[in-house]
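Novice: Only the shape, not the letters, is given here:
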């Protein structure tokens with residue numbers, strides 16, 4: 001993630017850079033650099049020319065570096081090490097895509113005469129060596145002894161009390177998490193609260209800030225006091241890069257005392273003073289739970305992780321059977337780089353980057369098998385076979401149409417209109433825009449409410465105005481699943497091709513103070529299913 005990249009850049013900047021071969025001061029400043037979607041275009045040529053250590057991510061490698069490898073010839077020719085951090089996140093469809101990106105990277109590095117060594121790091125998963133070998137398609141040596149400093153850690157499972165025994169209702173896990181987070185703020189324990197959604201982040205953030213203001217107000221006439229430095233921030237996708245960097249810096253220097261985040265902060269950002277991690281609901285996996293809990297206690301001081309169970313049946317099972325969680329090993333991470341659709345997409349990208357020669361392989365695909373796939377692309381008119389090689393023939397730029405994360409590569413800008421020129425507040429991915437920032441929605445950003453005046457999908461812009469209301473909106477969506485084709489087979493369970501359509505049919509209005517629905521509205525725009 002970009003947050004992890006910035007954290008690593010900060011750590012590397014503490015090491016002195018020894019300029020080599022008459023490197024100038026200006027060049028030394030870019031010897032270690034990040035190269036991702038947030039990197040200003042004005043800095044990119046200097047980074048390509050002078051970087052010795054490059055911090056990036058699979059998405060930028062896929063769309064911004066490999067297709068333009070001729071601009072990186074000097075860097076690639078001298079490439080000695082490739083470090084893959086947070087390897088455990090590369091699983092499923094995403095991991096299968098990344099394995100193919102690594103195939104393309106190795107192919108281009110070899111073209112420039114480099115044979116880099118891979119170093120992979122991972123949080124606790126069930127099959128680290130197996131996953132590493134599938135990602136890089138080479139034997140690995142597993143080092144699984146932890147030599148990091150670690151203080152005493154406590155893991156607490158809190159199930160909110162029952163308030164209606166007849167119905168089995170418990171206190172809201174969201175409101176109880178807000179109460180516990182408030183106690184951590186009052187005790188000045190630097191903490192992180194992990195919420196399951198972007199909306200939950202904003203609701204928790206808003207309530208914590210309001211509660212803090214009330215405490216400060218009441219402290220004028222009581223013995224209660226709270227430090228002025230107790231800043232509370234949110235952290236999730238949609239915030240502008242400068243805002244995210246500001247929050248990350250505040251966490252490191254201690255100015256930010258509590259951050260409410262989605263799993264965007266789950267990966268290994270090193271915040272030595274973090275004393276507590278609060279998980280609002282089960283993250284969905286043992287590995288993710290330990291990863292979020294591990295954001296606290298990265299130094300040698302004592303730390304606590306608190307899991308607040310929601311009414312979800314899985315949460316309740318874990319609350320009543322904690323031995324299941326503590327006795328089970330983390331899940332295994334599985335990938336399939338040779339999945340037909342994924343593989344063909346990356347063969348298109350690889351052919352665009354370098355022509356395939358006859359007899360060449362691709363990862364663990366031998367020349368014969370690869371030849372069959374390339375001949376298929378020739379038949380589709382995308383490749384041309386000539387002079388014992390396969391050349392890219394299509395007009396399109398293939399990497400731009402292949403998303404590693406099965407998400408829209410386009411974003412909708414959120415612009416606030418008040419007085420003069422519009423101000424860009426943040427952004428939302430295109431796939432989420434129709435239900436997050438639809439007209440008349442209440443959008444929450446850093447604890448502030450905004451009313452959505454309009455959404456222009458042609459220009460990818462949503463117009464917002466700041467408001468102060470006692471309610472927020474939640475989209476109502478309808479999902480339709482249609483079987484478009486049935487495939488007969490000898491196995492008992494039938495399978496086939498499905499078409500899934502998701503349509504926003506309205507929105508629900510919920511009270512902020514009561515955390516309960518107070519009304520519904522139907523959509524009148526006739527939004528088409530996606």
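Specialist: Alright, I've got the coordinates. All values derive from a computational prediction rather than experimental measurement. Residues are numbered from 1 along each chain as shown.
Novice: tell me the secondary structure for residue 72?
Specialist: helix (DSSP: H, G, I helix; E, B strand; the rest coil).
Novice: swap in residue 498?
Specialist: Here residue 498 is recorded as strand under three-state DSSP.
Novice: and the gap between it and residue 479?
Specialist: Distance from residue 498 to residue 479, counting by CB to CB, to the nearest Å: 11 Å. Heads up, the C-betas are built off the backbone N, CA and C, glycines and all.
Novice: go on, residue 242?
Specialist: Taking CB to CB, one finds residue 242 at 37 Å from residue 479.
Novice: same question, residue 473
Specialist: In terms of CB to CB, residue 473 sits 19 Å off from residue 479.
Novice: Give me the more crowded residue out of those two.
Specialist: residue 473 (24 against 9; other CB atoms under 10 Å).
Novice: quick one, phi/psi of residue 383?
Specialist: Phi and psi for residue 383, reported as degrees, to the nearest 10, are phi -120, psi 160.
Novice: Quick check: beta-bridge partners of it?
Specialist: For residue 383, the beta-bridge partners under DSSP bridges are residue 392.
Novice: Repeat that for residue 193.
Specialist: Residue 193 has these beta-bridge partners by DSSP bridges: residue 260, residue 278.
Novice: Could you double-check that it lies in contact with residue 207?
Specialist: No - judged on CB atoms under 8 Å, residue 193 makes no contact with residue 207 at a distance of 11.1 Å.
Novice: Which one's more surrounded, these two?
Specialist: Each of residue 193 and residue 207 has its neighbours counted (other CB under 10 Å); residue 193 has more, 30 against 22.
Novice: What confidence value was assigned to that one?
Specialist: Looking at residue 193, its pLDDT is 97.
Novice: Ok, residue 123 next?
Specialist: Predicted confidence (pLDDT) for residue 123: 76.
Novice: how much space is there between it and residue 143?
Specialist: For residue 123 relative to residue 143 (CB to CB), the value is 14 Å.
Novice: So those two - more neighbours on which side?
Specialist: residue 123 (18 against 9).
Novice: Outline the domain layout of this protein.
Specialist: Per automatic domain parsing, the structural domains of the chain span 2-136, 153-327, 340-401, 411-522.
Novice: quick one: low-confidence ranges for the protein?
Specialist: Applying pLDDT under 70 to the chain picks out residues 1-7, 9-30, 148-149, 219-230, 267-272, 406-409, 485-495, 513-519, 523-530.
Novice: Centroid-nearest residue for it?
Specialist: residue 264 (4.8 Å; CA atoms, centre = their mean).
Novice: Would you check that that residue makes contact with residue 235?
Specialist: Yes - if you go by CB under 8 Å, residue 264 and residue 235 touch, sitting 6.2 Å apart.
Novice: Do a quick rundown of the helices in the stretch 151-300 of the chain.
Specialist: Counting by DSSP state H, counting those that start in this stretch, the stretch 151-300 of the chain has helices at residues 173-186, 198-219, 241-253, 286-293.
Novice: For those helices, give me TSV that also has distance to residue 441.
Specialist: As requested, the helices of the stretch 151-300 of the chain are exported to TSV (distance: least, CB to CB, whole Å):
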stretch	distance to residue 441
helix 173-186	20
helix 198-219	11
helix 241-253	21
helix 286-293	29
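Novice: Distance of the spatially closest residue to residue 170 that is not a sequence neighbour relative to residue 459?
Specialist: Leaving aside its sequence neighbours, residue 170 sits nearest to residue 160 (CB to CB, 6 or more residues apart in numbering; 4.5 Å). Using CB to CB, residue 160 is found at 45 Å from residue 459.
Novice: Who has more neighbours out of the two?
Specialist: residue 160 (20 against 9).
Novice: Now the more buried one. Its backbone dihedrals?
Specialist: Torsion angles, degrees, to the nearest 10, at residue 160: phi -50, psi 150.
Novice: My read is that it contacts residue 174, right?
Specialist: No - using CB under 8 Å, residue 160 is not in contact with residue 174, being 9.6 Å away.
Novice: Enumerate every residue touching the residue nearest to residue 170.
Specialist: 170-173, 176, 308-309 (CB atoms under 8 Å, 6 or more residues apart in numbering).
Novice: Swap in 7 Å and give it another go.
Specialist: 170-171, 173, 176 (CB atoms under 7 Å, 6 or more residues apart in numbering).
Novice: can you list these in TSV and add neighbour count?
Specialist: Formatted as TSV, the contacts of residue 160 follow (neighbours: other CB atoms under 10 Å):
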residue	neighbour count
170	18
171	14
173	19
176	19
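Novice: want to throw those into JSON lines with distance to residue 367?
Specialist: Shown next, in JSON lines, are the contacts of residue 160 (distance: CB to CB, whole Å):
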{"residue": "170", "distance to residue 367": "61"}
{"residue": "171", "distance to residue 367": "63"}
{"residue": "173", "distance to residue 367": "56"}
{"residue": "176", "distance to residue 367": "60"}
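Novice: now, among the residues you listed, which is nearest to residue 110?
Specialist: residue 173 (51.9 Å; CB to CB).
Novice: The closest one and residue 452, how far apart?
Specialist: Between residue 173 and residue 452 the computed distance is 28 Å (CB to CB).
Novice: do the same with residue 175
Specialist: For residue 175, the distance to residue 452 - CB to CB - is 26 Å.
Novice: Give me the more crowded residue out of the two.
Specialist: residue 452 (20 against 14).
Novice: Can you verify my assumption that that one contacts residue 439?
Specialist: Yes - between residue 452 and residue 439 there is a contact under CB atoms under 7 Å: 5.7 Å.
Novice: contacting residues for the spatially closest residue to residue 197 that is not a sequence neighbour?
Specialist: Nearest residue to residue 197, sequence neighbours excluded (CB to CB, 6+ apart): residue 262, at 7.0 Å. The neighbourhood of residue 262, defined by CB under 7 Å, 6+ apart, consists of 195, 197-198, 201, 236.
Novice: can you give me phi and psi for residue 262?
Specialist: Dihedral angles (degrees, to the nearest 10) for residue 262: phi -90, psi -170.
Novice: Now do the SS call for residue 419.
Specialist: coil.
Novice: Mind listing what's buried along stretch 193-208?
Specialist: 193-196, 198-208 (16 or more other CB atoms under 10 Å).
Novice: and which of the residues you listed is nearest residue 293?
Specialist: Using CB to CB, these come closest to residue 293 at residue 194, 9.1 Å.
Novice: ok, back up a step: make CSV out of the domains of the chain and add distance to residue 333.
Specialist: Formatted as CSV, the domains of the chain follow (distance: least, CB to CB, whole Å):
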stretch, distance to residue 333
domain 2-136, 4
domain 153-327, 8
domain 340-401, 16
domain 411-522, 24
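Novice: So residue 247 versus residue 115, what's the distance?
Specialist: For residue 247 relative to residue 115 (CB to CB), the value is 40 Å.
Novice: Likewise for residue 468?
Specialist: Residue 468 is 60 Å from residue 115, by CB to CB.
Novice: Which of these two has more residues huddled nearby?
Specialist: Neighbours were counted for residue 468 and for residue 115 using other CB under 10 Å; residue 115 has more, 9 against 6.
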